[in-house]
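**Student:** Provided below for reference: sequence and predicted model.
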Amino acid sequence: MKDQSPPGIHLLGELQLIGCDGRTVALPASRKTRALLGYLIATGQPHRRERLCDLLWDGPDDPRAELRWSLSKIRAVLDDKKGMRLTADRNRVGVELGNAVIDIRRIRSLLGDDVSAAPIAALKEAAALLGVGEFLDGLDLPLCYRYQEWCMAEREAVSRLRLAVLTSLVERLQGHPADALAYARALTAADPLSESGHAAVVRLLVREGRNKEALGQYEHASRVFEAELGVRPSAELEEARQTLRPTASASVAATRPARALGIPPVPRRPPSAAFVGREAERALIDQIVAMRADRPDVMLVTGEPGIGKSRVLAHIGERLTSAGGRAFAARAYEAEAARPYGVWIDVIREIVRESPRDGLPADLGLLLPEMGTVAEAGDRTRLLDAVLGLLRQVVSMRPAAVILDDLQWADEGSSSLLHYVARHIDSTSGLLIVCAARAGEIEDNGAASRVLRSLARDGRLREIELAAMSEAETVQLIRQVDPSLDAAQIFAESGGNPLFSLELARAHRRGDPGPGRTVEALIAGQLAPLAEGIRETLVWAAAHGRAFTPDDLARSARLDDTELLTALGELERRGLIRPVGGDAYDFTHDLVRQTAYRTLSQPRRKLLHRRIARALDAVIGRDGAFAADIAHHAALAEDDDMAAHACRLAGERALRLFANAEAASFAERGLRHAERLAEGPARLELRIAMLKIRLLGATGPGLRPLPPLADTIAEATSDAEALGLQTAAATGHYLLSVLHQEAGDVQQAETSTLRAAEAGRAADDSTRARQLANTARCLLELETEIGRSRALIAEASAIAGPISLELCELYWARGLLERWDGNEDHAVSSLRRALDLARGDKDRWREYKCLTWLAMLERERGRYADMHTHCSELETVAARLGDDETPFVKTLRALAGLATGVASADDALASALTRLRAVDDKSYLAYALNSAAHLYRQAGRTSQARLCASEALTLASAMRRHSEIAIARALLALAGETASAQDIEAASGRDDLSVRARAALLALQARPRDSNGGSHAKPAG
Amino acid sequence: MPRVIVERNFETPFTQEELSAVEARMGPCLDLYNVRWIRSYWSADRLRMVCEYDAADVASVRNVQREANAKFDRAWAADVLGEQ
């Protein structure tokens, strides 16, 4: 007895418990139960039952009952083992682990607080433990987002620790290049974007004299950086390359690894081995297919992974086809557990592809966007009836089977559709529905197990439970691979699981025997010798998480077409993937996919998922058909922005498909992603859109209680109003009205509805008022079409007033019009309001413009102190604008200096005007020159006045500034220039002159005229 | 009319989508300010852009950029060499 050794717990890699007897403890099949056990062990403290329910069973079912069920399974596992015990009372649940050795705690105790100070032996042991795998690998539950977030955070922490340990080992083993090289390679495998890791590999290979490999590594790293980050190799990597001695053969072509070459020959697997054993099940299937047995509506095949469920499903399809019927098969994928009707969509697509038919119900277009038909707004029953109609059409000609594999991963909509179809089509119609599910794991899927229980109660379901194969059957199976193998030994090791037996047989054939292995370890052994390019293709396919086409891989992995097709051919030859119709492939078993995926480190997984999400994002359809996939991959890539947007699209699509549970789930996930985005209007709009999906997902035929969202929605709505997001605010009020309606609060509901309508109108009105005010303001800036501006301002005011809309542009436009009309006080107050609004919006340019107009107005009113204050503010804003916007400020200051008799004003003005000319701002220059001419004339400096007015006239003419033209002409005449009566008349005759221009013309008219009716020079003062 | 050049630099590659959005915003402003777009040069890495306009002055072009919320670094009046 090895009773004395402490129990061991592996949280890294797959969760494993090793009892005091040294044997691995068989854990419950339910993934949620294993996840709960992992959580209790890793956190090492008791938790309230509510918290655990929220963590793993936040759904419509009875979470406390689900938790009790899981705890009963855990108790059965732990209580047998000395020193490990489940502790649970009415409120709290925890585990007591006694002296159990937990890998992650062992690593932390080895390393202490400072990794760099840990002894090398400790670092090596820690590296070995960390190299086992990712934290709780394979226990992902993307739909339980609270658990998933905790798990991802733990994985990140482990990943950081791993990188720190490997980096430290590489640095400290410089005296042992061979050792250091192994750790450097492990570092680049753990983090493919570690530049120092790649540089270390290159340097160490050079030190070992392996120049060719070093150059190969350098080129590989360069390709990775170019592809992933779009950057060239860093200085560190370049330096490492410099250590290479130049050799004649050091060219890219010579050193590039021959990717598809050098693969050890592997015998091709037979595409479909003969069906062995299962005599009783086959007899039953034959009877059912021949309609002899009491035929059920639904058949369910259950059993553990690898037991042969998919093979039985295929057999049913083959039997039905050879009896003249047809079979349409699809499988649910774990990665798509939230894709509404996912498995059914694949079946329907199969049906439509095989026999495209005219006159398909338009409602099917909701499920198959490629049909291009747009269904009218209908309801869920119409959608389900459309599917039913299609199936009836199919079986009206020949009997058919719909085969749904891996039902434990089906989404809730698919389960509902299964129930609907099973209840409305009985077996006499010629339709047989066959499903397969993993025993134990099907319990994790509340919706699917409810449907199966209900069908069983109604006597519509027939279950075939696949047990392990007998020794005789296993021997027969092994003989198909190689008759010379010791089949009895393989049976003893595999316990009669056919997949396990076959993998063992292949391992023996490869000359790779050895006891105590798991099926996953055997599959991993198969993947290990794959050449780099082939393994790359395999891991990209694994990260996709579902059936894939070469195009899918090419889009995300950017693999070369020829290499990709070669790799797919090789993977098919090795029996790891298989064609599944069209140009798609799938893994021969999900365990192969899982094993390939687990070879990836956490940073690499993120990288792959990010690229897949981006590639999908680039092809996303208007209907959001890929949005669920993007949400899945973006969440695993921890790209909150993309994930939040995809959750919104996926949630909206789920609502359109009446898949309310999926919609609510996307909304919850989307809200979590949105929380991590930067605050601002975009986040708020996303949040309200997500709350809408969440609420609407809880209404309708689901009859679930509405979530307590009133406060959250009210808060988001008021934030939206504060930010002027009228459309979002309207949505918020509408949601509140729905909530009040459901709660029976009619008055509140009415108020919210009215406010929603107001905000809705306000959204359209707000946009319109903004556009009108903007055009008016622009025309006034340009001093043209003043009459039209006046009308536009009136129209914008009429819209903005009733909805209390405060627009910077409108106040700005009013300010300019009031200045034009000579109402200076009003102009100042309007512009000040516009300035406040621009500052509130953090709109620097509008702030700058409003301040400029205020400074000009104060100068025109002779309030120079106020003008200087605005000028100082202007200088600050101009600096923030990052543009050379200050020459006009200096000009205004110089004009004030000239007006108040500052000694150096002339020089300051000349210098400011020179700068204004240099930045080529003719409109301000014309204004400034006219202002200067006026001041010079008042001071009796006629020639200066003439020079300025003359230049102003040229510039104003070029800019078609009629008021400035009139002012310049008047000033020139007043300064003694002979002006033609025609010019002055033309200037005076215009009806769109500002009060400033009219005042200048009046001053001209007030002076004595000569006999010719023209003005002539008469020096002022 | 004088030729005005606008130089732009972007921290991340400017996308066709962003370009179309700026063009849509700029359209009405160009008319109002009497500015005519001639042509643009866009670097292969999408990080730099130079645009040519006809306008009465540089300030008009600058204002159009601000109105349309288009990022730019410099705007300057130019003499054209070598054009027929």
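**Tutor:** That came in fine, so what should we check first? All figures in this text were calculated on a predicted structure; none of them were measured in a lab.
**Student:** and for stretch B:73-84, what's in contact with it?
**Tutor:** Stretch B:73-84 is contacted from outside by A:920, B:2-9, B:52, B:57-58, B:61-62, B:65, using CB atoms under 8 Å, 6 or more residues apart in numbering or on different chains. (Glycine included, C-beta is placed from N, CA and C.)
**Student:** buried subset of those?
**Tutor:** The neighbour-count test (16 or more other CB atoms under 10 Å in any protein chain shown) marks A:920, B:2, B:4-6, B:8, B:52, B:57-58, B:61-62, B:65 as buried among these.
**Student:** in chain B, where is pLDDT below threshold?
**Tutor:** Within chain B, the stretches with pLDDT under 70 are B:1, B:83-84.
**Student:** so after the top helix by length along it, what's the next helix or strand?
**Tutor:** The single longest helix within chain B, with elements called by DSSP state H, is helix B:16-32. The helix or strand immediately downstream of helix B:16-32 is strand B:36-42, counting by DSSP states H and E.
**Student:** okay, buried residues for that following strand please.
**Tutor:** For strand B:36-42, by 16+ other CB under 10 Å, it's B:Trp37.
**Student:** check whether it contacts chain A.
**Tutor:** No: residues of strand B:36-42 are not located near chain A by CB under 8 Å from any CB of the partner chain, the shortest gap being 14.9 Å.
**Student:** what is that strand packed up against?
**Tutor:** Packed against strand B:36-42 by the contact rule (3 or more CB pairs under 8 Å, 6 or more residues apart in numbering or on different chains; DSSP states H and E) you find helix B:16-32, strand B:48-54.
**Student:** out of the ones you listed, deepest packed?
**Tutor:** Among the helices and strands packed on strand B:36-42, the stretch with the highest mean neighbour count (mean count of other CB atoms under 10 Å in any protein chain shown) is strand B:48-54, at a mean of 18.
**Student:** for that one, the distance to its chain's centre please.
**Tutor:** 4 Å (CA atoms, centre = their mean, to the nearest Å).
**Student:** helices or strands up against it?
**Tutor:** By 3+ CB pairs under 8 Å, 6+ apart, strand B:48-54 packs against strand B:3-9, strand B:36-42.
**Student:** which residues touch that strand?
**Tutor:** For strand B:48-54, the surrounding residues in contact (CB under 8 Å, 6+ apart) are B:1-10, B:14, B:35-43, B:61, B:64, B:78.
**Student:** re the thing from before, just give me the closest of the contacts of stretch B:73-84 to A:Ile102.
**Tutor:** B:Asn9 (53.2 Å; CB to CB).
**Student:** run the chain-centre distance for the longest strand seen in chain A.
**Tutor:** In chain A, taking DSSP state E as the definition, the longest strand is strand A:431-438. From the chain centre to the centre of strand A:431-438 is a distance of 34 Å (CA atoms, centre = their mean).
**Student:** neighbouring strands - and their directions - for that strand?
**Tutor:** strand A:298-303 (parallel), strand A:400-405 (parallel) (DSSP bridges).
**Student:** point out the most buried one among the ones you listed.
**Tutor:** strand A:400-405 (a mean of 25).
**Student:** now it: mean pLDDT?
**Tutor:** Computed over strand A:400-405, the mean pLDDT rounds to 92.
**Student:** what of stretch A:613-620?
**Tutor:** 81.
**Student:** same question for stretch A:126-139.
**Tutor:** Stretch A:126-139 comes out at a mean pLDDT of 89.
**Student:** can you point out the buried residues in it?
**Tutor:** Judged by neighbour count using 16+ other CB under 10 Å, the buried positions of stretch A:126-139 are A:126-127, A:129-131, A:133-139.
**Student:** try stretch A:87-98
**Tutor:** A:88, A:93-95, A:97.
**Student:** what's the neighbour count on residue 71?
**Tutor:** In the absence of a named chain, chain A is used. 19 (other CB atoms under 10 Å in any protein chain shown).
**Student:** I was after chain B.
**Tutor:** 13.
**Student:** show me what contacts the nearest residue to it once chain neighbours are set aside?
**Tutor:** The shortest distance from B:Lys71 to any non-neighbouring residue, by CB to CB, 6 or more residues apart in numbering or on different chains, is to B:Arg8 (5.9 Å). B:Arg8 makes contact with B:14, B:48-51, B:70-73, according to CB under 8 Å, 6+ apart.
**Student:** in JSON lines, list these along with distance to A:Leu649.
**Tutor:** Shown next, in JSON lines, are the contacts of B:Arg8 (distance: CB to CB, whole Å):
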{"residue": "B:Phe14", "distance to A:Leu649": "25"}
{"residue": "B:Arg48", "distance to A:Leu649": "33"}
{"residue": "B:Met49", "distance to A:Leu649": "31"}
{"residue": "B:Val50", "distance to A:Leu649": "37"}
{"residue": "B:Cys51", "distance to A:Leu649": "34"}
{"residue": "B:Ala70", "distance to A:Leu649": "29"}
{"residue": "B:Lys71", "distance to A:Leu649": "28"}
{"residue": "B:Phe72", "distance to A:Leu649": "33"}
{"residue": "B:Asp73", "distance to A:Leu649": "36"}
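**Student:** correct me, but A:Gly581 touches A:Glu350?
**Tutor:** Yes: at 6.9 Å, A:Gly581 counts as touching A:Glu350 under the criterion of CB atoms under 8 Å.
**Student:** count of residues packed around the residue of the stretch 451-600 of chain A found nearest chain B?
**Tutor:** Evaluated by CB to the nearest CB, the stretch 451-600 of chain A has A:Arg558 as its residue closest to chain B, separated by 16.9 Å. Per other CB under 10 Å, the neighbour tally for A:Arg558 reads 14.
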